[in-house]
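Asker: build me a structure from this.
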Amino acid sequence: MNIFIAIFLGIVQGFTEFLPVSSSGHLILFQHIFNLGDDLLLFNILLHIATLLAVLFVFRKRIWELVKNPLNKTNLALVLATIVTVGFVLVFKDFIDQTMGANVLPITFMITAILLFSTTFIEPSKSLVPNKPITYTSALFTGLAQGIAVVPGFSRSGFTISTALFTGTNRERAAEFSFLMSIPIIIAALIYELISNPSPSLGNPVPLVLAFIAALVSGIFAIKFMLNIIKKVKLYWFSLYLVILSIVTIFLLYI
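Answerer: Next up, the predicted model:
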């Protein structure tokens with residue numbers, strides 16, 4: 001992999017991990033376009049570490065508050081959501097493995113677009129209540145949504161934020177909870193990948209390092225951008241992008 005492609009994919013990962021447009025879908029699509037093959041385990045691991053660090057950096061103060069008070073409701077909600085996510089993935093692992101190719105992307109991009117657009121019909125009063133804490137019911141369904149979003153083209157942030165909104169969580173807290181719940185899941189995914197292949201091939205370290213930096217910087221920017229616009233911009237604008245991307249993907253893959 002050359003340096004420019006590595007940096008480009010790092011930027012793609014950083015932005016799309018936290019914007020509701022599916023990072024896994026974008027990476028699989030561009031890996032197909034660039035004909036990169038399948039030996040990208042270490043590359044993908046480093047990109048996930050970069051996005052994990054981006055969350056830890058942006059939410060460092062909030063995370064420290066949660067660490068100092070481990071039995072608070074947000075922590076318990078995060079634990080519940082994580083258990084539901086992991087349980088769902090383990091139960092449906094075989095099916096999920098069958099959907100990890102590029103051929104599902106036109107459909108999954110479109111489904112994500114429909115979900116994001118559907119948030120337009122949420123009664124404003126339900127998603128604008130200030131300082132409304134996350135409920136355990138919301139955490140349960142949001143964890144389920146996160147599990148479903150393992151499928152490429154399903155946006156993790158899009159599914160979790162939308163689900164939180166539908167269960168009555170206000171916009172800012174929905175976005176915050178979505179990003180916080182990504183921490184244990186990214187860690188779990190990293191552990192799984194390392195156990196599955198404890199000795200990934202290194203190759204040229206320069207593209208890997210540059211991709212890592214690009215993903216970290218763009219991830220920090222994407223989180224701050226999303227936290228800012230979620231207050232005033234509806235998610236259906238992202239659905240328009242995904243509809244266009246779904247149509248483009250059909251042409252790229254099948255025509």
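Asker: low-confidence bits of this protein, can you list those?
Answerer: Where the chain drops to pLDDT under 70, the residues are 38-39, 123-132, 198-202.
Asker: do you know how far residue 10 is from residue 215?
Answerer: Residue 10 sits at a distance of 4 Å from residue 215 (criterion: CB to CB, to the nearest Å). All C-beta spots, glycine's among them, are computed from the backbone N, C-alpha and C.
Asker: quick one, what contacts the nearest residue to residue 102 once chain neighbours are set aside?
Answerer: Using CB to CB, 6 or more residues apart in numbering and skipping residues adjacent in sequence, the residue nearest residue 102 is residue 32, 4.7 Å away. Contacts for residue 32 were tallied using CB atoms under 8 Å, 6 or more residues apart in numbering; they are 102, 252, 253.
Asker: distance of residue 32 from residue 254?
Answerer: In terms of CB to CB, residue 32 sits 12 Å off from residue 254.
Asker: hang on, the earlier thing: can you flag the buried ones in the contacts of residue 32?
Answerer: residue 102 (16 or more other CB atoms under 10 Å).
Asker: okay if I get the contacts of residue 32 as CSV plus distance to residue 2 and secondary structure?
Answerer: Formatted as CSV, those follow (distance: CB to CB, whole Å; DSSP: H, G, I helix; E, B strand; the rest coil):
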residue, distance to residue 2, secondary structure
102, 21, helix
252, 21, helix
253, 23, helix
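Asker: my guess is residue 12 contacts residue 28, does it?
Answerer: No: in this structure, residue 12 is not within contact of residue 28 by CB atoms under 8 Å, at 10.8 Å.
Asker: and the helix or strand containing residue 97, what's buried?
Answerer: Assigned by DSSP states H and E, residue 97 falls within helix 93-98. Using 16+ other CB under 10 Å as the test for burial, helix 93-98 gives residue 96.
Asker: what does stretch 211-230 give?
Answerer: Going by neighbour count (16+ other CB under 10 Å), the buried part of stretch 211-230 is 211-212, 214-216, 218-223, 226-227, 229-230.
Asker: likewise stretch 100-109?
Answerer: For stretch 100-109, a neighbour-count test (16+ other CB under 10 Å) marks 102, 104, 105, 106, 107, 108, 109 as buried.
Asker: now, those that are in helices?
Answerer: The helices, defined by DSSP state H, take in 105, 106, 107, 108, 109 from the buried residues of stretch 100-109.
Asker: as TSV, those residues with distance to residue 240 would be great.
Answerer: Below are these laid out as TSV (distance: CB to CB, whole Å):
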residue	distance to residue 240
105	17
106	16
107	17
108	17
109	12
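Asker: of those residues, just say which sits nearest to residue 180.
Answerer: The closest of those to residue 180 turns out to be residue 108 (CB to CB; 24.4 Å).
Asker: could I get the contacting residues of residue 158?
Answerer: 20, 21, 22, 112, 115, 116, 149, 235, 238.
Asker: what subset of these is buried?
Answerer: Among these, those buried by neighbour count (16+ other CB under 10 Å) are 20, 21, 22, 112, 115, 116, 149, 235, 238.
Asker: inside strands: which ones of the residues you listed?
Answerer: Among the buried ones among the contacts of residue 158, no member falls in strands (DSSP state E).
Asker: same for the helix or strand harbouring residue 190, what does it pack against?
Answerer: Element membership for residue 190, per DSSP H and E: helix 171-196. On a contact count with 3 or more CB pairs under 8 Å, 6 or more residues apart in numbering; DSSP states H and E, helix 171-196 meets helix 41-58, helix 60-68, helix 73-91, helix 136-148, helix 156-166, helix 205-229.
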